[in-house]
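*Asks:* got a sequence here, can you model it:
(2 chains)
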Protein chains: 2
Amino acid sequence: MEQRTEISSLGEFGLIDHLTRNFEIQNSSTVLSVGDDAAVIDHFGKQTVITTDLLIEGIHFDMMYTPLKHLGYKSVVVNLSDVYAMNATPTQITMSIGISNRFSLEALDEFYEGVYAACEKYGVDLIGGDTSASQKGFIISVTAIGEVTPGKFVKRSTAQKGDLICVSGDLGGAFLGLTLLEREKKIYMENPQVQPDLENEDYIVGKLLKPEARKDIVEFLAQHEIVPTAMMDVSDGLSSEILHICRQSNVGCRIYEEKLPIDERTRAAAFKFGLDPTVCALNGGEDYELVFTLKQEEYDKLTLNEEIAVIGYITEEEEGRKIITKGGNTFDITAQGWNAFYK
Amino acid sequence: MEQRTEISSLGEFGLIDHLTRNFEIQNSSTVLSVGDDAAVIDHFGKQTVITTDLLIEGIHFDMMYTPLKHLGYKSVVVNLSDVYAMNATPTQITMSIGISNRFSLEALDEFYEGVYAACEKYGVDLIGGDTSASQKGFIISVTAIGEVTPGKFVKRSTAQKGDLICVSGDLGGAFLGLTLLEREKKIYMENPQVQPDLENEDYIVGKLLKPEARKDIVEFLAQHEIVPTAMMDVSDGLSSEILHICRQSNVGCRIYEEKLPIDERTRAAAFKFGLDPTVCALNGGEDYELVFTLKQEEYDKLTLNEEIAVIGYITEEEEGRKIITKGGNTFDITAQGWNAFYK
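*Replies:* Below you'll find the predicted structure:
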């Protein structure tokens, strides 16, 4: 039988001690960590980057098909992704959670296993947080802190005419993973005897439940002294992000449908569900890839990295923000990203 | 008739633009603020302090008697209080909120009016955040960032035998404000015709709904070159905080009941409700005063500040953590603070 320890048996401070007991500091800039009113970090000669995300059960994740360990991992990764999107290196996170009493300590440990796995993989320290009761639903709030050499951070608003538009990895997988899991959930709700059919779908399910932040891309850029002119991570969907860059930079763009990086397994899943893979790649969110713009002169350096695709270029604002289809038609790019307010 | 704008009519990014449109940067260390993946702050030659708090409707606040503007103000202040408790100066905050569609834009504006009022009063910049839908209840997550001269931050774990124990302002007011509002709420629920009776209770209600962080105390300490040996803010209750300092410092203490600072209006409210003012001062939370320990040599400097009371002293650990009553009896200090898990 599984062990169940009531969280109330520890109290809040006992709980924090419990959750942080095996955690070791990885960054020398971490001067003071969990256990005081605030944490202290030291960033001599570096600039500090801060980002925060709030994840709410029923809005951002469904506990029915989200393993807690994956959820902990993903909560960290989505914040680190924002730090990388600044061309910065994440160094610390804070993690606040609101939990109802349906959570056992074992469940919470599973969640934190994922948190710590992400911290270890990306070399960040968990330096604080807040633990609260919640009347209903699981609430996760993460703040990530990173360092960047002064002036080297990359904004969204500085793309220029003629720049290449690049994207890392491949797109649409997380959206198809979600589509699959939502379908299986519906089948299960109607008939709890039916076992979920996730065979051969590891790739898209993994893209949704255990995404990675593109540390490798930021390291590649640094190694080859490539500084993007603008950069964002793909959380709401490629269309949405490209429109952000264009609007904030006052530029237009051309994207080529045939250049969009889509994995074969994503494409196969799209066909299975009767969806257009291009639409999934453009409007599906949560891929946590990086989209960035570059001076054309840097093009040759890109060929060294198979994980980066050039998908179009930046134009004058008057030329609009358009996608050119495989058939040669031109359409305006519209954002239909994962905007919780429109759901 | 009051105007009601549906938040969905703006979309998330329109909403963020709306909420941050009138906000100006106050700190030169704020290099990049709202509107990108992360904010950038620059702390050359300073150490950075980070703290975060999660506030959940129904757990930390009751919308029935909490004006939104006050809630916004308090959400910021409670985090700044943690920064001051490190002997640091807050410089930036991030603010994430989860809101259900029962919130109108006007309601949210009211909340942000309070947020901005606190930012202005304390000289901090709002540099980012996340805005999300919530299925049920209002969720607020704030992260505050502060600066401190390297090595000058004050921990909880460094109190030493013989140190004086000091507390700022007065205690128990917020708890009695809560007691009063909970009573009025109950009366109202039973009989909505009865008007709330809050006459002459401005003080305790204000302590609960619109607390201030003790910026003045930290400034006073700096001005007189007083560095506390340990410090915390009083959020869970004085007993709880003193026990934290003692446990983390491996020391004991003696507190004198007669020295506890309690405002006359707090005392009067306690008697009205049949409560012991001392118990309210020891165990009531949310006063956001500072409790700190000092070398005895610093005592003379304290007399300059009427807002600081010396309430006891630190002993060897073996002597226990005790309170001496007005009648001369000695009791162990026990924490019965506002621990949401025990409620």
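*Asks:* so the helix or strand containing residue A:232, near chain B or not?
*Replies:* Assigned by DSSP states H and E, residue A:232 falls within strand A:230-233. Yes - with CB under 8 Å from any CB of the partner chain as the measure, strand A:230-233 is seen reaching chain B through A:231-233. No exception for glycine: its C-beta is placed from N, CA and C like everyone else's.
*Asks:* considering those, which is situated nearest to residue A:317?
*Replies:* Relative to residue A:317, the closest of those is residue A:232; by CB to CB it sits at 18.1 Å.
*Asks:* within range of chain B, give me the residues from the stretch 101-250 of chain A.
*Replies:* Contacts of the stretch 101-250 of chain A with chain B, taken as CB under 8 Å from any CB, map to A:127-130, A:132-137, A:139, A:141, A:143-146, A:148, A:150, A:153, A:155-157, A:231-233, A:244, A:248.
*Asks:* buried among the residues you listed? Make that a PyMOL selection.
*Replies:* Restricted to buried positions by 16 or more other CB atoms under 10 Å in any protein chain shown, the PyMOL selection for those reads:
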select buried, chain A and resi 127+128+129+130+132+133+134+136+137+139+141+143+144+145+146+148+153+155+156+157+231+232+233+244+248
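*Asks:* in strands, which of the residues of the stretch 101-250 of chain A next to chain B appear?
*Replies:* Using DSSP state E, the subset of those located in strands is A:127-130, A:132-133, A:139, A:141, A:143-146, A:148, A:231-233.
*Asks:* give me the neighbour count for residue A:102.
*Replies:* By the measure other CB atoms under 10 Å in any protein chain shown, the count of residues near residue A:102 is 11.
*Asks:* ugh, typo on my part, it should be residue A:254
*Replies:* Other residues lying near residue A:254 total 18 when counted by other CB under 10 Å.
*Asks:* for chain B, what is the nearest residue in the stretch 101-250 of chain A?
*Replies:* For the stretch 101-250 of chain A, the residue positioned closest to chain B under CB to the nearest CB is residue A:141, at a distance of 3.7 Å.
*Asks:* hey, what's that residue bridged with?
*Replies:* residue A:54, residue A:96 (DSSP bridges).
*Asks:* hang on, residue A:101 packs against residue A:8?
*Replies:* Yes - Residue A:101 is within contact range of residue A:8, at 7.0 Å (criterion: CB atoms under 8 Å).
*Asks:* looking at those two, which one has more neighbours?
*Replies:* Counted by other CB under 10 Å, residue A:101 and residue A:8 do not tie: residue A:8 has more neighbours, with 17 against 12.
*Asks:* tell me how far the more buried one lies from residue A:105.
*Replies:* 10 Å (CB to CB, to the nearest Å).
*Asks:* before we move on, back to that, so who does the residue of the stretch 101-250 of chain A closest to chain B touch?
*Replies:* A:52-55, A:95-97, A:130, B:52, B:54, B:96, B:141 (CB atoms under 8 Å, 6 or more residues apart in numbering or on different chains).
*Asks:* ok, now with 10 Å
*Replies:* Applying CB atoms under 10 Å, 6 or more residues apart in numbering or on different chains to residue A:141 gives the contacts A:52-56, A:75, A:79, A:94-98, A:129-130, A:132, B:52-54, B:94, B:96, B:98, B:130, B:132, B:139-143.
*Asks:* residue contacts, the closest residue to residue A:106 other than its chain neighbours?
*Replies:* Nearest in space to residue A:106, with sequence neighbours left out and distances taken as CB to CB, 6 or more residues apart in numbering or on different chains, is residue A:3 at 5.9 Å. When the contact criterion is CB under 10 Å, 6+ apart, the partners of residue A:3 are A:104-106.
*Asks:* list the buried residues in stretch A:270-278.
*Replies:* A:270, A:275, A:277-278.
*Asks:* chain A: helices as residue ranges?
*Replies:* A:11-20, A:68-84, A:105-122, A:173-190, A:202-209, A:215-223, A:238-249, A:264-272, A:277-283, A:299-302 (DSSP state H).
*Asks:* what's next to the shortest one, contact-wise?
*Replies:* Taking contacts as CB under 10 Å, 6+ apart, the residues outside helix A:299-302 that touch it are A:164, A:166, A:220-221, A:223-226, A:294, A:308-310.
*Asks:* for these, could you give me a markdown table that also reports neighbour count?
*Replies:* Below are the contacts of helix A:299-302 laid out as a markdown table (neighbours: other CB atoms under 10 Å in any protein chain shown):
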| residue | neighbour count |
| --- | --- |
| A:164 | 22 |
| A:166 | 24 |
| A:220 | 18 |
| A:221 | 25 |
| A:223 | 11 |
| A:224 | 13 |
| A:225 | 8 |
| A:226 | 20 |
| A:294 | 25 |
| A:308 | 25 |
| A:309 | 19 |
| A:310 | 16 |
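*Asks:* about what we covered before: mind putting the helices of chain A into JSON lines with mean pLDDT?
*Replies:* Shown next, in JSON lines, are these (pLDDT from 0 to 100):
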{"stretch": "helix A:11-20", "mean pLDDT": "68"}
{"stretch": "helix A:68-84", "mean pLDDT": "95"}
{"stretch": "helix A:105-122", "mean pLDDT": "89"}
{"stretch": "helix A:173-190", "mean pLDDT": "93"}
{"stretch": "helix A:202-209", "mean pLDDT": "94"}
{"stretch": "helix A:215-223", "mean pLDDT": "96"}
{"stretch": "helix A:238-249", "mean pLDDT": "94"}
{"stretch": "helix A:264-272", "mean pLDDT": "95"}
{"stretch": "helix A:277-283", "mean pLDDT": "95"}
{"stretch": "helix A:299-302", "mean pLDDT": "92"}
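*Asks:* out of those, deepest packed?
*Replies:* Highest mean neighbour count of the helices of chain A: helix A:68-84, a mean of 25 (counted as mean count of other CB atoms under 10 Å in any protein chain shown).
*Asks:* next one: that one to chain centre, how far?
*Replies:* 6 Å (CA atoms, centre = their mean, to the nearest Å).
*Asks:* and it, what does it pack onto?
*Replies:* Applying 3 or more CB pairs under 10 Å, 6 or more residues apart in numbering or on different chains; DSSP states H and E, one finds that helix A:68-84 makes contact with strand A:47-56, strand A:89-99, helix A:105-122, strand A:139-148, helix A:202-209, helix A:215-223, strand A:230-233, strand B:125-133.
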